[in-house]
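**Student:** give me the fold of what follows.
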Amino acid sequence: MLPSREGRNQKSGKHPTTNIQHPTPNGALPRTLFDVRRWMLDVGCSAFDGFPPQKRVTYWLYVIGPDGGDLLRYEKLFDQPQAPIPGVFAIDGVPCSTYLCADRWLRGVQEIPIQQGARVSFELSCNTANEWVAPFAWYWNVPQALRNNVWVVFANTGNTVAGVADSGVPGDLRHGHSAVIAPDGRLVAAARDDVAKIVFADIDVGEAMRAEALARAAHPVLRGFWDAGVRLHRGEAVEAPALAPIKFSPTPITLAVSPVTGDATAMAAKVREARAKGADLITFPARAIAESALPSVQAAARENQITVVFGAEHRDTSGLHNSAFVIGPDGALLTRYDQLSATAPFAPGLNPAAMSFRVKGVRAVVTIEHDGLWTELSELAAVAGAHPSAPRPRPCRRPERAAAPPSVVGESRVVSHLQRDGECVGGDDLGRPQRLGRTAWRSATKSDWMSKERSPASITCSSIC
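**Tutor:** Residues are numbered from 1 along each chain as shown. Sure thing, here's the model as predicted:
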């Protein structure tokens, strides 16, 4: 598998060094599509390659079979949004999907083929060094594996010498770090630096059950969203209102986070401390306290004139829910949200509009635990009026499954994300456009989420504990 742009460099005319190097029988690396096809005939295996354009700004991805013929070819949609959307193809009978670089942001390219059966997802990239955030490592790829339960294979360009761009231009420095990631987020094999090298891994395709992908596609709240994506993938038109730019002025909001649970008195003390330090909102973990403590939390919010977000179990006629409660500065209950992504023993919520509330007039949403992997929730909330302008969340470090503390994260103006018990969750960088290549997919379902009212503000965030 060769990374993106393995063909000739357009500007310099030079050939970039591959990240995963498979020499041809005579020892030379394949430099043209003809070389790759001839090589496949010689060695009898399949190959991926991303080639640059010949006459226009676009990129192609080829999957070449053992006979030298094409298993799949597609044009990068991020550069050519009207190009056909790639689908599922098979390698030795195993359903697979693939995409180039920035097309990772397009759900129609990355995730619809998985819902249609792909069990291995290949990414070919040419990422530069500034896209590698060391503390978070494979923060794009691990969440993809987890939220779809498939194998993820990431091939990225590296450098001949560590820390030195092959072109001599510092901005061309690649970050390498190709990797193979299991459906449960385990890092099975990886290049641990930015040097071009080969990565080997034996995988058990049977582990790729696609459970999370299928659960998201079948959820009553999200089914319309994903059905629209499937129709667009087939080339059908989907009616959708236009997405208008939002104009807003800055509104400073200070967010506080506390890990305190199980003690209403201790929680009230943290509410006072947060307000004394200038916080406008404080959040506590999921299932922080019993719902019976709601009056005491309301009293603390009212006495300190601060918004309080906390988790508690809630039971109604539909069953037991993993819920989030949002209390306004006047002590009123602003919303109670039942976790949409909940699994047994909790019943899944069915009201996404309940995610929404306001803090200092700014539209905000609250999510709980596993919701962090269902990244379309925050994305649809943003389209519905909560503009993604605040700092974005990152997944926890993998593969160690580091215990992630409860946190307030800004993803759609304000997102209070409730979490506990060290569960590992992750989120995509949703500040990027996620076009599907046809029309505004997300806007087709926004009316099911929140009102069309838009708050004219954005936020700057700081955190205290």
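**Student:** from V109, how far off is P95?
**Tutor:** Between P95 and V109 the computed distance is 16 Å (C-beta to C-beta, to the nearest Å). For glycine as for every other residue, the C-beta is placed from the backbone atoms N, C-alpha and C.
**Student:** the more surrounded of these two?
**Tutor:** Just comparing P95 and V109: by other C-beta atoms under 10 Å the higher neighbour count belongs to V109, 27 against 20.
**Student:** is it true that the more buried one touches P84?
**Tutor:** No. In this structure, V109 is not within contact of P84 by C-beta atoms under 8 Å, at 10.6 Å.
**Student:** grab the nearest non-local neighbour of G331.
**Tutor:** R302 (3.1 Å; C-beta to C-beta, 6 or more residues apart in numbering).
**Student:** whoops, I mixed them up, A129
**Tutor:** Distance criterion C-beta to C-beta, 6+ apart; nearest residue to A129, sequence neighbours excluded, is L173 at 4.2 Å.
**Student:** could you do N156 as well?
**Tutor:** S125 (4.6 Å).
**Student:** the one you found against N141, yeah?
**Tutor:** No. No contact is recorded between S125 and N141 when judged using C-beta under 8 Å, the distance being 9.8 Å.
**Student:** joint contacts of these two?
**Tutor:** Residues touching both S125 and N141 (C-beta atoms under 8 Å, 6 or more residues apart in numbering) are F154.
**Student:** let me see the domain layout of this structure.
**Tutor:** 33-218, 249-464 (automatic domain parsing).
**Student:** which one of the ones you listed lies nearest to L232?
**Tutor:** Closest to L232 of the domains of the chain is domain 249-464 (C-beta to C-beta; 4.7 Å).
**Student:** and the helices in the protein?
**Tutor:** Counting by DSSP state H, the segments of the chain that form helices are 33-43, 107-110, 112-115, 141-148, 211-218, 223-233, 264-276, 294-304, 376-383.
**Student:** burial of G206, as a residue count?
**Tutor:** Under the neighbour criterion other C-beta under 10 Å, G206 is assigned a count of 8.
**Student:** let me fix that, I meant to ask about L294.
**Tutor:** 18.
**Student:** could I get the average pLDDT for stretch 83-92?
**Tutor:** Model confidence over stretch 83-92 averages 91 on the pLDDT scale.
**Student:** export that stretch as PDB, just CAs?
**Tutor:** What follows is stretch 83-92 as a C-alpha-only set of coordinates in PDB (Å, rounded to 0.1, in the frame of the first residue of the first chain):
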ATOM      1  CA  ALA A  83     -16.800  13.400  -8.800                       C
ATOM      2  CA  PRO A  84     -18.400   9.900  -8.300                       C
ATOM      3  CA  ILE A  85     -18.300   8.700  -4.700                       C
ATOM      4  CA  PRO A  86     -16.200   5.400  -4.300                       C
ATOM      5  CA  GLY A  87     -17.900   2.300  -2.900                       C
ATOM      6  CA  VAL A  88     -17.000  -1.200  -1.700                       C
ATOM      7  CA  PHE A  89     -14.500  -3.400  -3.400                       C
ATOM      8  CA  ALA A  90     -13.000  -6.800  -2.500                       C
ATOM      9  CA  ILE A  91      -9.500  -8.100  -1.800                       C
ATOM     10  CA  ASP A  92      -9.400 -11.800  -1.700                       C
END
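**Student:** contacting residues around that stretch?
**Tutor:** Under the criterion C-beta under 8 Å, 6+ apart, residues 46, 58, 61, 63, 71-72, 74-77, 95-99, 108-109, 112-113, 116-118, 120, 232-233, 235, 436-437 lie in contact with stretch 83-92.
**Student:** so who does the nearest residue to A190 once chain neighbours are set aside touch?
**Tutor:** In this structure, A190 finds its nearest non-sequential neighbour in A179, 3.9 Å apart by C-beta to C-beta, 6+ apart. Applying C-beta under 8 Å, 6+ apart, we find A179 in contact with 138, 141, 152-154, 187, 189-191, 199.
**Student:** A179 pairs with what?
**Tutor:** When bridges are taken as DSSP bridges, the partners of A179 come out as F154, A190.
**Student:** what's the pLDDT at it?
**Tutor:** Confidence at A179, expressed as pLDDT, is 96.
**Student:** what's the answer for P241, then?
**Tutor:** Looking at P241, its pLDDT is 75.
**Student:** same check, this time on A312
**Tutor:** 97.
**Student:** that one touches E291, doesn't it?
**Tutor:** Yes. Using C-beta under 8 Å as the test, A312 is close enough to E291 to be in contact (4.5 Å).
**Student:** how about stretch 353-363: buried residues?
**Tutor:** The neighbour-count criterion (16 or more other C-beta atoms under 10 Å) identifies 354-360, 362-363 as the buried residues of stretch 353-363.
**Student:** quick check: end-to-end length of it?
**Tutor:** Its first and final residues considered, stretch 353-363 spans 12 Å by C-alpha to C-alpha, to the nearest Å.
**Student:** I'd like the average pLDDT over it.
**Tutor:** Across stretch 353-363, pLDDT averages out at 89.
**Student:** the stretch 251-400 of the chain: strands as residue ranges?
**Tutor:** Listed in chain order, the strands of the stretch 251-400 of the chain (DSSP state E, counting those that start in this stretch) span residues 281-283, 307-316, 319-327, 333-338, 356-359, 362-368.
**Student:** circling back: and the furthest pair within the buried residues of stretch 353-363?
**Tutor:** Between any two of those (C-beta to C-beta), the greatest distance is 20.1 Å, for A354 and K360.
**Student:** so which bits of stretch 112-119 are buried?
**Tutor:** Under the neighbour-count rule (16+ other C-beta under 10 Å), stretch 112-119 has 112-116, 118-119 buried.
**Student:** CA atoms only: put it into PDB for me.
**Tutor:** These are the backbone C-alpha positions of stretch 112-119, laid out as PDB (Å, rounded to 0.1, in the frame of the first residue of the first chain):
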ATOM      1  CA  ILE A 112     -21.200   4.900   4.000                       C
ATOM      2  CA  PRO A 113     -19.100   2.100   2.400                       C
ATOM      3  CA  ILE A 114     -18.500   0.600   5.800                       C
ATOM      4  CA  GLN A 115     -22.300   0.600   6.500                       C
ATOM      5  CA  GLN A 116     -22.500  -1.100   3.100                       C
ATOM      6  CA  GLY A 117     -20.200  -3.900   4.200                       C
ATOM      7  CA  ALA A 118     -16.600  -2.800   4.100                       C
ATOM      8  CA  ARG A 119     -14.600  -4.400   6.900                       C
END
